[in-house]
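Undergrad: coords please:
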Amino acid sequence: MAINETEPNSTFATANPAAMGLAVTGQLATSGDLDLYKVTLISAGTLSVIFDVPTNSTADYFKLGLYNSGGSMLSLFSTGVDKTYTVGATAGGNYYVGVSSATYYSSAQYSLTVTNTAGGSAGYEAESNNTLATANSLTLATPVVGQLSSDADQDWYAVTASSSGGLTLNWNGPTSDVYSNYVTLSIYDAAGVLLGNYKTGTDKAVSFGVTANQTYYIGVASSTYFDSGQYSLIVAKASGTASYEHEGNDTRSTANVLALATPVLGQLSSDADQDWYAVTASSSGGLTLNWNGPTSDIYSNYVTLSIYDAAGVLLGKYQTGTDKAVSFGVTANQTYYIGVASSTYFDSGQYSLIVATASGTAIYEHEGNDTRNTANVLALATPVLGQLSSDADQDWYAVT
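TA: Numbering: from 1, shown residues only. I've put the predicted structure just below:
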C-alpha cells in the first residue's frame with residue numbers, strides 16, 4: 001500500500017517520513033515545488049530509490065536529489081523516464097530524498113520507493129569525495145558506480161598498486177558522443193603529480209605506470225558539457241608487456257629509461273607537458289623510433305618528436321599528426337634522448353613508442369656535420385639517411 005505525500009514538505013524540517021520498502025506517491029503542485037522525504041538507515045550500506053515518473057520522455061521532467069543528515073547533497077539525477085538509482089551510504093542515520101521539476105514540468109503523480117542494503121558502501125560512490133583527501137577507496141578489479149551531481153561536482157577515488165608495472169582505468173560513462181567531451185578523467189600520484197588528463201564523451205580505457213604499494217588518485221569531473229547520468233569505472237592491473245611513462249619526465253635529466261625493442265605507453269597531460277625518454281645503443285649503426293600516436297590527421301601536426309645525443313646535440317626533429325617511423329645514427333654504448341611534446345595542435349590521448357635497432361644496410365647521418373670540416377664520410381654506393389632538424393641546419397658529407 002502506497003503512502004501519499006503530505007504538504008508542506010519543502011524543507012528538511014518538514015520532510016515527510018518514508019518507510020523503507022514502502023512506496024510514496026506525490027505530485028509537484030508547481031514548477032517551483034520541492035517535495036522532501038526522510039528515511040532512516042539502520043547501518044551503512046547502499047541506498048536505492050526506485051523512481052516511477054508519469055512521463056516517458058528523453059527530456060528531463062524530474063530531478064531526484066539524495067541528501068545526508070546534514071542536508072549536503074550526495075547525488076542529483078534528472079530524468080523523464082522510470083529509473084532506479086543507488087548510492088553509497090557510509091553510515092546509518094537520517095537521509096533525505098528530494099523531488100523537483102527539471103527542464104520541463106509535469107503535475108502528474110509520481111511514486112518512489114527507498115530501500116537499504118546493509119553492509120559496506122564499496123561498489124558505489126559515497127559523498128563527499130570532492131577532494132584527494134576525501135577520496136573513496138577503490139579495490140583493484142572491482143567496479144564502482146558514481147554520478148556527478150552538478151557541473152561543479154568532482155568525484156575522487158584512491159587505489160593502491162599491488163605491484164609495479166601498469167594499471168588500466170576503464171571508464172563507462174552515461175554518454176556515447178564522439179564529438180563532444182562530457183567528462184575529464186585525471187590521474188595523480190601520491191605526491192600530487194599529474195600522470196594523465198583525459199577528456200571524452202564515450203567509454204575509454206587508459207593505462208598508466210605505477211610503483212608497488214603506492215597510492216594513486218582518479219578524479220572525475222565534467223568537461224565542456226555535463227551529464228548527470230550514472231557512470232561506472234574499474235581500475236585493474238594492465239595486461240600486456242608494454243612499459244609505462246612515469247612522471248615527472250619533463251626534462252632530459254629526468255627522462256624515463258627505455259629498453260630497446262620494448263614499447264612504452266604515455267600521454268601528454270597538457271599542451272605544456274613534455275615527456276622525455278633515454279635509450280642506450282647496444283651497437284653502432286642506427287636506431288628506429290616508431291611512433292604510434294592518438295591522431296591520424298595528415299593535414300595537422302599534433303606532436304613534435306625530438307632526438308638528442310648525450311651532449312645535447314639535436315639529431316632530428318619531426319612534427320606529425322599520424323604514425324611515424326624515423327631512423328638516426330648511433331654509436332655503441334652512447335645514450336640518446338627522445339622528446340615528445342605537443343605541436344600546432346594538442347591531443348591528450350595515449351600514445352605508444354618503441355625504439356629498436358634499425359634494419360637494412362643504410363648508414364645514418366651523424367651530427368654535428370654542419371660544416372665541411374665536420375662532414376660525415378660517405379662510402380661509395382652506400383645510402384645514407386639524414387634529416388634537417390631546422391631551416392638553419394646544414395648537413396655535410398665527404399666522399400673520396
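
Undergrad: Residue 388: neighbouring residues, count only.
TA: 12 (other CB atoms under 10 Å). The C-beta positions use only the backbone N, C-alpha and C, and glycine is treated the same way.

Undergrad: so what's it closest to, chain neighbours aside?
TA: In space, residue 388 comes closest to residue 395 once its chain neighbours are excluded; the distance is 6.6 Å by CB to CB, 6 or more residues apart in numbering.

Undergrad: Could you report the separation of that neighbour from residue 284?
TA: Distance, residue 395 to residue 284, by CB to CB, to the nearest Å: 19 Å.

Undergrad: Neighbour count for these two, which is higher?
TA: Under the criterion of other CB under 10 Å, the comparison of residue 395 against residue 284 puts residue 395 first, with 17 against 14.

Undergrad: surely the more buried one meets residue 384?
TA: No. In this structure, residue 395 is not within contact of residue 384 by CB atoms under 8 Å, at 9.2 Å.

Undergrad: The helix or strand of the chain with the lowest mean pLDDT packs against which elements?
TA: The weakest-scoring helix or strand in the chain, judged by mean pLDDT, DSSP states H and E, is strand 363-364 (a mean of 80). For strand 363-364, the packing partners by 3 or more CB pairs under 8 Å, 6 or more residues apart in numbering; DSSP states H and E come out as strand 285-292, strand 324-330, strand 384-385.

Undergrad: hmm, who's touching the helix or strand just after the shortest one?
TA: Scanning forward in sequence from strand 384-385 by DSSP states H and E, the next helix or strand is strand 397-399. Applying CB atoms under 8 Å, 6 or more residues apart in numbering, the contact partners of strand 397-399 are 369, 372, 375-380, 384.

Undergrad: Which among the residues you listed count as buried?
TA: Neighbour-count burial within the contacts of strand 397-399 applies to 369, 376, 384; the criterion is 16 or more other CB atoms under 10 Å.

Undergrad: can you tell me which residues contact the second one?
TA: What it means is residue 376. 365-366, 369, 384, 395-398.

Undergrad: who does it bridge with?
TA: Counting by DSSP bridges, residue 376 forms beta bridges with residue 397.

Undergrad: So for it, what's the pLDDT?
TA: What the model reports as pLDDT for residue 376 is 86.

Undergrad: Could you do the first one as well?
TA: In the predicted model, residue 369 carries a pLDDT score of 88.

Undergrad: I'd say it and residue 395 touch.
TA: Yes. Residue 369 is within contact range of residue 395, at 5.5 Å (criterion: CB under 8 Å).

Undergrad: what about the stretch 151-300 of the chain, any weak spots by pLDDT?
TA: 241-242 (pLDDT under 70).

Undergrad: just the strands in it please.
TA: Applying DSSP state E, counting those that start in this stretch to the stretch 151-300 of the chain gives strands spanning 154-160, 165-172, 183-189, 194-200, 204-210, 215-222, 230-237, 243-244, 256-257, 264-267, 274-280, 285-292.

Undergrad: Strand partners (parallel or antiparallel) of the helix or strand hosting residue 111?
TA: Assessed by DSSP H and E, residue 111 sits inside strand 110-118. Partners of strand 110-118 in the sheet, by DSSP bridges, are strand 24-26 (antiparallel), strand 45-52 (antiparallel).

Undergrad: Go through it and flag the buried ones.
TA: Under 16+ other CB under 10 Å, the buried positions of strand 110-118 are 110-116.

Undergrad: For residue 128, state which of the residues you listed is nearest.
TA: residue 116 (19.7 Å; CB to CB).

Undergrad: With adjacent residues omitted, what lies nearest to the closest one?
TA: residue 41 (5.0 Å).

Undergrad: just residue 19 next, same as before
TA: Residue 19's closest residue in space is residue 3 (CB to CB, 6+ apart), at 7.4 Å.

Undergrad: Please apply the same query to residue 124.
TA: Going by CB to CB, 6+ apart, residue 124 has residue 88 as its nearest residue, at 3.7 Å.

Undergrad: The one you found is in what secondary structure piece?
TA: Assigned by DSSP H and E, residue 88 falls in strand 83-89.
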